[in-house]
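Enquirer: Compute the structure for the input listed below.
(2 chains)
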Number of protein chains: 2
Amino acid sequence: MTSDIPHIIIGRLPLYLRALSRLKKEGYNYASSRELGKLLDISPAQIRKDLSHFGELGKRGKGYEIEFLISKLNQILNIDTLWDMIVIGAGDLGSGLARYKGFSDRGFRVSAIFDIDPQKIGKSIGNLVVRDFNEMCDYVAENKVQIAVLAIPAQNAQSVIDDLVEVGITAILNYAPIYIKTPAGVQIEHIDPSVHLQKLSYYLK
Amino acid sequence: MTSDIPHIIIGRLPLYLRALSRLKKEGYNYASSRELGKLLDISPAQIRKDLSHFGELGKRGKGYEIEFLISKLNQILNIDTLWDMIVIGAGDLGSGLARYKGFSDRGFRVSAIFDIDPQKIGKSIGNLVVRDFNEMCDYVAENKVQIAVLAIPAQNAQSVIDDLVEVGITAILNYAPIYIKTPAGVQIEHIDPSVHLQKLSYYLK
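Expert: Model (predicted):
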């Protein structure tokens, strides 16, 4: 089933999940596609169509039961478990990600952080100690890690990604401001704040 | 002209710009839509169609002159100037953004960073000193800043955004993991790493 669903629909599921979690926190039990649409600036018809790919999840007239839909989306997105991930790069960004407390209730945990800089290796960041990047391959193999977060400069990114893919990483969140292709079977997502800022500056006077 | 062009097209222009800058660095003078498409995983037809909104920018058979298209895109995206922006929140993420050297050659500069925590106010981050958030309104008014970057927890985000909008901020890059609506005339972009990670985990086994 999973492979038939367009990536663009998968991309909206985390947004639905985030909005539902917020409504749950606010004490709601049911959410209509109209309410979700309003929170997310997505048309209610689109939301209903997206979710219909995964069965009949809503009740006519009542909307979606929030608790049920959250657990269903957790299951679809494979986050009813906690995924270990490694961070490459222990600069400001990597350190921040390693310390960030927002991952754990959304399915993820930073289990190790690596750097090549001898000045950084051995330093404590939260509960972790920065490891030598040369130990990355062994660590990933031993711990069967599948997710890596790249917080390194653009010029090193391609060679690091090649290493990661070779050792079995299949999911990469890339903060290096460069577009990188990965082989089939490896998923990559990019976060580049300048790209977002340039979208904003278009509208400035 | 500008307001007629769909936001989704504007959203792709920074990606074209990033790819063109890379090709320029690699010594190329011309780029075809096919080459750009390959770098970006976007169809050449889409790229030609997007760019055609801004005039006849390419030459049949030769493609786009890179230097020319870069300067044209800089102009369209309003980044032929350097925009000052303020960062709200001097935690790991805010500090990292304040120190990040990648903004300046893409049109932006962090000119001030603010926090409410007395322990952080007065601390040096790169060339900046963390300012009291209570001084934010005066600072924005005096310096006519239009862009703010939000690096604070979700629970404080809405009230901070209300303050920012009131004092005249019209462009917000939001790192708080929450969807926030802004009034008409204020643009907001969201960066939430967990959303990207959940897109990745969908494909994991």
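
Enquirer: what about the longest helix in chain A?
Expert: Ranked by number of residues, the top helix in chain A under DSSP state H is helix A:7-25.

Enquirer: from the middle of its chain, how far away would that one be?
Expert: Here the centre of mass of C-alpha atoms in helix A:7-25, compared against the chain's by Cα atoms, centre = their mean, to the nearest Å, lies 12 Å away.

Enquirer: tell me what that helix is packed against?
Expert: Applying 3 or more Cβ pairs under 8 Å, 6 or more residues apart in numbering or on different chains; DSSP states H and E, we find helix A:7-25 packed against strand A:30-31, helix A:33-40, helix A:44-52, helix A:66-76, helix B:193-201. Glycine gets a C-beta too; all of them are placed from N, C-alpha and C.

Enquirer: got any ranges where chain A has weak pLDDT?
Expert: Scanning chain A with the threshold set as pLDDT under 70 gives A:1-3.

Enquirer: What angle do helix A:66-76 and the longest helix of chain A make with each other?
Expert: Angular relation of helix A:7-25 and helix A:66-76 on a 0 to 180 degree scale: 140 degrees, by axes from the mean of the first three to the mean of the last three Cα atoms, to 10 degrees.

Enquirer: what sits against the nearest residue to residue A:34 once chain neighbours are set aside?
Expert: Spatial nearest neighbour of residue A:34, chain neighbours left out: residue A:44 (4.7 Å); criterion: Cβ to Cβ, 6 or more residues apart in numbering or on different chains. Applying Cβ atoms under 8 Å, 6 or more residues apart in numbering or on different chains, one finds that residue A:44 lies in contact with A:32, A:33, A:34, A:36, A:37.

Enquirer: Pipe those into CSV and attach neighbour count per row.
Expert: Putting these into CSV (neighbours: other Cβ atoms under 10 Å in any protein chain shown) gives the following:
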residue, neighbour count
A:32, 16
A:33, 21
A:34, 14
A:36, 23
A:37, 18
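
Enquirer: and which of these is nearest residue A:137?
Expert: Using Cβ to Cβ, residue A:36 is the member of those that sits closest to residue A:137, with 42.9 Å.

Enquirer: Distance check, the closest one against residue A:63.
Expert: Distance of residue A:36 to residue A:63, given as Cβ to Cβ, to the nearest Å: 9 Å.

Enquirer: same thing with residue A:162?
Expert: Taking Cβ to Cβ as the measure, residue A:162 and residue A:63 are separated by 47 Å.

Enquirer: any idea which helix or strand comes after the longest strand along chain A?
Expert: Taking residue count as the measure and DSSP state E as the definition, the longest strand of chain A comes out as strand A:108-115. Where DSSP states H and E defines the elements, the next helix or strand beyond strand A:108-115 is strand A:124-125.

Enquirer: still on that earlier bit, export the contacts of residue A:44 to TSV and tack on distance to residue B:111?
Expert: Written out in TSV, the entries for the contacts of residue A:44 read as follows (distance: Cβ to Cβ, whole Å):
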residue	distance to residue B:111
A:32	43
A:33	42
A:34	41
A:36	38
A:37	37
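
Enquirer: From the residues you listed, pick the one nearest residue B:132.
Expert: For the contacts of residue A:44, the nearest to residue B:132 is residue A:36 (38.0 Å; Cβ to Cβ).

Enquirer: Now do the longest helix of chain A against helix A:44-52, angle only.
Expert: Put simply, helix A:7-25 runs at 100 degrees to helix A:44-52, going by the same axes, to 10 degrees.

Enquirer: what about dumping the CA coordinates of helix A:7-25 to CSV?
Expert: Once non-C-alpha atoms are left out, helix A:7-25 reads as follows in CSV (Å, rounded to 0.1, in the frame of the first residue of the first chain):
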residue,chain,number,x,y,z
HIS,A,7,5.1,11.9,-1.6
ILE,A,8,3.3,15.2,-1.5
ILE,A,9,0.4,13.5,0.5
ILE,A,10,2.8,11.9,2.9
GLY,A,11,4.4,15.3,3.3
ARG,A,12,1.1,16.7,4.6
LEU,A,13,0.4,14.0,7.2
PRO,A,14,2.9,15.4,9.7
LEU,A,15,1.1,18.7,9.5
TYR,A,16,-2.2,17.0,10.2
LEU,A,17,-0.6,15.2,13.1
ARG,A,18,0.8,18.4,14.6
ALA,A,19,-2.5,20.2,14.3
LEU,A,20,-4.4,17.2,15.9
SER,A,21,-1.9,17.1,18.8
ARG,A,22,-2.6,20.8,19.4
LEU,A,23,-6.3,20.3,19.4
LYS,A,24,-6.0,17.3,21.7
LYS,A,25,-4.0,19.4,24.1
